[in-house]
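Below are the sequence and a predicted model for it; my questions follow.
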Amino acid sequence: MSGQIADYKNCNLSGNLERDVALFKDIFKKDVILRVKEITARGEKTLECALVYMDGMTDSDQINEAIIRPLITVGMADMSGDIADFVGKQMLFARDVKKISNIAEILQGVLYGEALLLINGSKNALMMDVKGFRTRGITEPMEERILQGPREGFEEAALLNLAMIRRKLLTPDLCIEMLRVGRRTSTAVFVCYLGTLADQKTVEKIKQKIGKINIDGILDTNYIVEQISGKRFSLFKRNGTTERPDIVAARLLEGRIAIVVDGTPMVVTIPYLFSENFQSDEDYYQNFLLSSAERCLRYFCFFLSISIPAVFIAISTFHRQLLPTSFAISVMQLRGGVPFTPVSECIIMILVFEILKEAGIRMSQNLGHALSIVGGLVVGQAAVEARIISSPILITVALSGIAGLMLPRLKTAVFYLRIAFVLLSAFLGLYGYIMGAMLLGIYILSIYSYSTDYTVSLKKASLQSLKDTLFRASWKNMKERPLFNRNISRQGKNK
Amino acid sequence: MKKVFLILALGLFLCGCQKRGPEYLVSSMGFDKENDSYKVCFESVIINSEDTKQSVKLLKGEGKTLRGAIMRIEKQCTQPLLLSHCGVLVIGDGITQNELSEVAKYCVKNEEITLSAFLIKTENAQQLLSVKPVSSLTVGFDIMGLLEQNKHYKNRLFELTATNYTAALPRVSINDGGLIFGAG
């Protein structure tokens, strides 16, 4: 026995209550939260049964009122046929009762918060949905705060998350399929999509890939994403992650697929487009003119963030004639006395900025503010005065870092690209920078996210395709969905 | 892989430990010829990290060839001269038509010197560049400012090479310590 549910795949209940109870007690011999309550139902006939459940994962009120009370108070009739059927249909008040006999399936249910009723003399047991574990509650996601629009966020219980999505999409077209992943955790993974909008081939492919995952445990959506995305070393995200049900609903309405994993508030949506990196959740809840301006600003900030240090290094090292003379003199004077080369100075500052950023995120809010002041102002000023770092480099890296903060979804790409561009510029000047920009363009254009072209909306030569990419048009003018040809129109009859 | 990473890291972070002296930003260059030898002078802004105020120095060199005179100047400096901001080339009367083409060719071949640099004629280049500047840090910048306002002169380096060194250059002379512009 390897301690996995799969070990019991071919085992069934014996029908002997004593033996079956002993089996469960043996399986969970070192688990103190397993509860086994033996109940005797009397009437025309005596019925001996045992209720098996996990304490803390079930609702004790429901167990008392829907299972124990009816068994004790409703008399057992003298009947022929399957006792489990009779008990399930005529005695219990539980909301969802199903007959079950396979031990592996029983274990999955019990571990997921369901209660098991073993009946003496029956090879079938009854599994009842009495889940009732405490959750964190619906709060606004910390990372995706907005000023306008819905404030609710996902939490760790997948069923509650699915209910939140369902509440936004009141249509039978919403499909939710469950898969179990993780040899030891047997985590519930839900694949959600709108049947008439999502690409069925992609849905099947994703389900197949999830089914093939062979790992001990799944604790977050990233465990799944890293294994199904195919390209491990990708600079750019190929899947969207969100904690907001409204975002998931909006993406499902565009024909995307959502993956909900039990135990994490992060929901993954696929496929993902390059333009989504520049979209904010708030774009759709405020005036489209403002959203469009902010979106253009984000594209500009991406360019700034990866280019400023590289262009500065190239110009100050190789192409000083491009600087106005007075500015060149000022830069040379400020750089004088610094022991490092501009490129090493720049890389040191980029790393310091990242350290400060990470430290600020991990700190508590109050400490974070203090740290940013100490780190940004005091250390920066001291470093410049001590001639460890020159002020032009400090300004350049800080500006690039602040521009990068505008793009939280591109933080990995921005970090690596910034360093790569700096190195290229340090070796080849502006030619290196231009070469890097061209290679980056080619790379972005060649990316696929789950069989969907990453830049599909930018490549289409139509104005309609740009209406939710470079800028955000008004809802009246946004007529097409960005992804697939099937059911492409958002508006009009029978869409 | 580890070794490559180590070499790269060391190369990147240790290559900065270098001896640094003042840097020289050349604002104008003067060319003269006397007694069969070239006299070259570079009006340079000396940028010193220790001193917040920039000083200007006229670096002089003499040699039988143009290259030789310039090498003498280069030897006086601890760092390579920054020629990319040189905006004015002052040609002394001692430089003949043939020698002018030699000077121009040297400047064109030197990638650092911008092709949009102005050329002017004067009696003695060294004397002109020794005048006290009026409105800018150097005489070179003063002359450049005046020439940029005067659009009818066709005296930039690329214009001179395009006309096969036959273009008329504006003439600048010194009067009571000031500069006077005239036709070449």
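Arrived safely, thanks for sending. Residues are numbered from 1 along each chain as shown, chains lettered A, B, ... in the order given.

hey, what's residue 34 bridged with?
By default, I'm working from chain A. Beta bridges link A:L34 to A:M54, judged by DSSP bridges.

hm, I was asking about chain B
Under the criterion used (DSSP bridges), B:E34 bridges to B:S37.

Pretty sure it sits against B:G94.
Yes: counting by CB atoms under 8 Å, B:G94 is a contact partner of B:E34 at 5.6 Å. Every residue, glycine included, has its C-beta placed from N, CA and C.

Give me the more crowded residue out of those two.
Taking other CB atoms under 10 Å in any protein chain shown, B:E34 and B:G94 do not tie; B:G94 has more neighbours (17 against 12).

distance of the closest residue to that one other than its chain neighbours from A:V384?
Leaving aside its chain neighbours, B:G94 sits nearest to B:K33 (3.9 Å; criterion: CB to CB, 6 or more residues apart in numbering or on different chains). Per CB to CB, to the nearest Å, B:K33 is found 48 Å from A:V384.

Same check on A:S60?
Distance of A:S60 to A:V384, computed by CB to CB: 64 Å.

Over to A:I315?
A:I315 sits 20 Å away from A:V384, going by CB to CB.

A:L440 too?
From A:L440 to A:V384 the distance is 31 Å (CB to CB).

what's the neighbour count on B:G30?
If we define neighbours as other CB under 10 Å, then B:G30 has 27 of them.

Quick check: it is in a strand.
Yes: residue state for B:G30 (DSSP: H, G, I helix; E, B strand; the rest coil) corresponds to a strand.

got the contact list for it?
Counting by CB atoms under 8 Å, 6 or more residues apart in numbering or on different chains, B:G30 touches B:40-43, B:89-90, B:92, B:125-126, B:128-129.

Over to A:R136?
The contact partners of A:R136, by CB under 8 Å, 6+ apart, come to A:155-156.

Whichever residue of the stretch 251-400 of chain A sits closest to chain B: how many residues sit nearby?
Taking CB to the nearest CB, chain B has its nearest neighbour within the stretch 251-400 of chain A at A:G336, 2.5 Å off. Residues near A:G336, counting by other CB under 10 Å, number 18.

what pLDDT does it get?
We have a pLDDT of 75 for A:G336.

Equivalent analysis for A:C49, please.
pLDDT, A:C49: 89.

Next, the contact list for it, please.
A:C49 makes contact with A:17, A:38-41, A:71, A:87, A:117-120, according to CB under 8 Å, 6+ apart.

picking that back up, A:S60 and A:V384: which has the busier surroundings?
More crowded of A:S60 and A:V384, by other CB under 10 Å: A:V384, with 18 against 14.

Is it correct that the more buried one is in contact with A:I395?
No: contact criterion CB under 8 Å: A:V384 and A:I395 do not qualify, at 9.7 Å.

quick one: the helices in the stretch 51-200 of chain A?
Remark: helices assigned in the stretch 51-200 of chain A by DSSP state H, counting those that start in this stretch are A:60-62, A:69-73, A:83-86, A:103-111, A:158-168, A:200-212.

got it, and chain B?
Counting by DSSP state H, one finds helices in chain B at the ranges B:2-14, B:66-76, B:97-109, B:125-129, B:139-149, B:157-162.

Would you mind listing what in the stretch 301-450 of chain A touches chain B?
Where the stretch 301-450 of chain A comes near chain B, counting by CB under 8 Å from any CB of the partner chain, the residues are A:320-321, A:325, A:328-329, A:332-341, A:343-345, A:347-348, A:387.

hmm, 6 Å instead?
With CB under 6 Å from any CB of the partner chain as the criterion, the stretch 301-450 of chain A comes near chain B at residues A:320-321, A:325, A:332-333, A:336-337, A:339-341, A:344.

Show the low-confidence segments of chain B, by residue range.
Within chain B, the set of residues satisfying pLDDT under 70 comprises B:11-20, B:49-52, B:151, B:154, B:177, B:183-184.

rewinding a little: burial measure for the residue nearest to B:G94, as a count.
B:K33, neighbours per other CB under 10 Å, totals 20.

Cross-check the contact I'm expecting between it and B:D93.
No: counting by CB atoms under 6 Å, B:D93 is not a contact partner of B:K33; they are 9.1 Å apart.

Buried ones in stretch A:426-442, by neighbour count?
The neighbour-count check on stretch A:426-442 (16 or more other CB atoms under 10 Å in any protein chain shown) flags A:426, A:429-430, A:432-433, A:436-437, A:440 as buried.

What lies in contact with it?
A:310, A:313-314, A:318-319, A:343, A:421, A:424-425 (CB atoms under 6 Å, 6 or more residues apart in numbering or on different chains).

let's go with 7 Å and repeat that
Stretch A:426-442 is contacted from outside by A:310-311, A:313-314, A:317-319, A:343, A:417, A:420-421, A:424-425, using CB atoms under 7 Å, 6 or more residues apart in numbering or on different chains.

Out of the residues you listed, grab the one that's most surrounded.
Ranked by the number of neighbours (other CB under 10 Å), the contacts of stretch A:426-442 place A:S425 first, at 31 neighbours.

And it, how far from chain B?
Distance of A:S425 to chain B, given as CB to the nearest CB, to the nearest Å: 14 Å.

Relative to the whole chain's centre, how far out is the helix or strand that contains that residue?
Using DSSP states H and E, A:S425 sits within helix A:411-445. How far helix A:411-445 lies from its chain's middle: 29 Å, per CA atoms, centre = their mean, to the nearest Å.

and what of stretch B:63-72?
Stretch B:63-72 sits 14 Å away from the centroid of its parent chain (CA atoms, centre = their mean).

all helices of the stretch 201-350 of chain A, in order?
Under DSSP H, counting those that start in this stretch, the stretch 201-350 of chain A gives helices at A:221-228, A:245-253, A:288-317, A:325-335, A:342-362.
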